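K.L.:
Dropping the sequence and predicted coords here.
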Amino acid sequence: MLCTRIGWKFGCFFDLRLESENRLGELSYYLTQLLRGLVFQEIFQTLEYDDLYQKMKQDGWFPFLELLGDDFDDLRWLYKTDNYSENRLSEKFGEERIGKIKNRWWSKEIFESKKPILQKGLNEFLENNQRGDISCIKILVSEIDGVIREIYYQETGKGKAKTSDLKDFVKEKGRRKGGDDSSLLLPAAFFDYLDDKFYDQFDLAKGGPEVARPSSTHGVVDPEKYTHDKALQAILTLDQLYFYF
């Protein structure tokens, strides 16, 4: 039996099987799950409380790895209390923090090969105005799709791919890297996010579409929807893929 505490949260683990069994690896897995659940309880609770998460996802937010901790806790609280209009998250991503993200990106070949384009997108974000946000989104949304396609080609040898193939590929990469959705990579949840938001198919007959890869690429998004938050979400989506690949 193990009892532990993180802040005011308590966790207990029981194993009543015979001590003679050799199961150190299995025990390590379950203990890791327990500690992760205590430290990041708010993340997993957000996914469990569907109404709250759906409101966040509708606005383009996800438990991106870069946000884990105070950033996501604050964002979650604003939605929980219906005060999202007070969100100032994108203002926290200034030159220093964006610099840390891009330096991480350049450590992987696929990102390094796109450095001039990705750097331009990040520079546009740092302009922090509508013109910069539009440019950032237009640049990074296409590059997100490009990163997925190039990695898909490298690993499968298939030069053509349907969107459904790419989404399945990302989900499988996340599973290989972090396991199921008890890991902070949240592969199944991120697959749904890509499906619902990034690859969201538009229908002009149903009103003006939101920012997504299809709508942005086809030029049917109203200019006022290219916001600083949407630009940040494009950066965070690409950053999430960094950890998958």
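P.N.:
All right, it came through fine. Every value quoted in this text rests on a predicted model; they were computed, and no experiment measured them. Residues are numbered from 1 along each chain as shown.
K.L.:
In this protein, what helix or strand scores lowest on average pLDDT?
P.N.:
helix 24-39 (a mean of 50; mean pLDDT, DSSP states H and E).
K.L.:
all strands of this protein, in order?
P.N.:
Per DSSP state E, the chain carries strands over the ranges 2-6, 9-13.
K.L.:
mean confidence for the first one?
P.N.:
For strand 2-6, mean pLDDT is 56.
K.L.:
Spatially central residue in this protein, please.
P.N.:
Nearest to the mean C-alpha position of the chain, by Cα atoms, centre = their mean, lies residue 64 at 3.6 Å.
K.L.:
Next up, the contacts around the nearest residue to residue 59 once chain neighbours are set aside.
P.N.:
Among residues not flanking residue 59 along the chain, residue 84 sits closest, at 7.0 Å (Cβ to Cβ, 6 or more residues apart in numbering). The way it works is simple: take the backbone N, C-alpha and C, and place the C-beta from them, glycine included. Residues near residue 84 by Cβ atoms under 8 Å, 6 or more residues apart in numbering: 55, 59, 78.
K.L.:
what separates the residue nearest to the centre of the chain from residue 120, distance-wise?
P.N.:
Distance, residue 64 to residue 120, using Cβ to Cβ, to the nearest Å: 22 Å.
K.L.:
Check residue 216 too.
P.N.:
16 Å.
K.L.:
What lies in contact with stretch 209-224?
P.N.:
60, 130, 134, 137-138, 141-142, 144-145, 197-204, 208, 225-226, 230.
K.L.:
for stretch 230-243, what is the average pLDDT?
P.N.:
96.
K.L.:
List the buried residues for it?
P.N.:
Across stretch 230-243, burial judged by 16 or more other Cβ atoms under 10 Å covers 230-243.
K.L.:
Tell me which stretches of the protein form helices.
P.N.:
For the chain, helices defined by DSSP state H occupy the ranges 24-39, 41-48, 50-58, 70-80, 95-105, 109-112, 115-127, 130-156, 163-178, 187-193, 213-217, 228-244.
K.L.:
Which of those helices sits closest to residue 88?
P.N.:
Closest approach to residue 88 among these is made by helix 70-80 (8.8 Å; Cβ to Cβ).
K.L.:
what bits of this structure have low per-residue confidence?
P.N.:
The chain contains residues with pLDDT under 70 at 1-50, 178-182.
K.L.:
my guess is residue 196 contacts residue 60, does it?
P.N.:
No: Residue 196 lies out of contact with residue 60 (Cβ atoms under 8 Å); the separation is 9.9 Å.
K.L.:
In terms of neighbours, single out the busier of those two.
P.N.:
Using other Cβ atoms under 10 Å as the criterion, residue 196 and residue 60 rank with residue 60 on top: 21 against 15.
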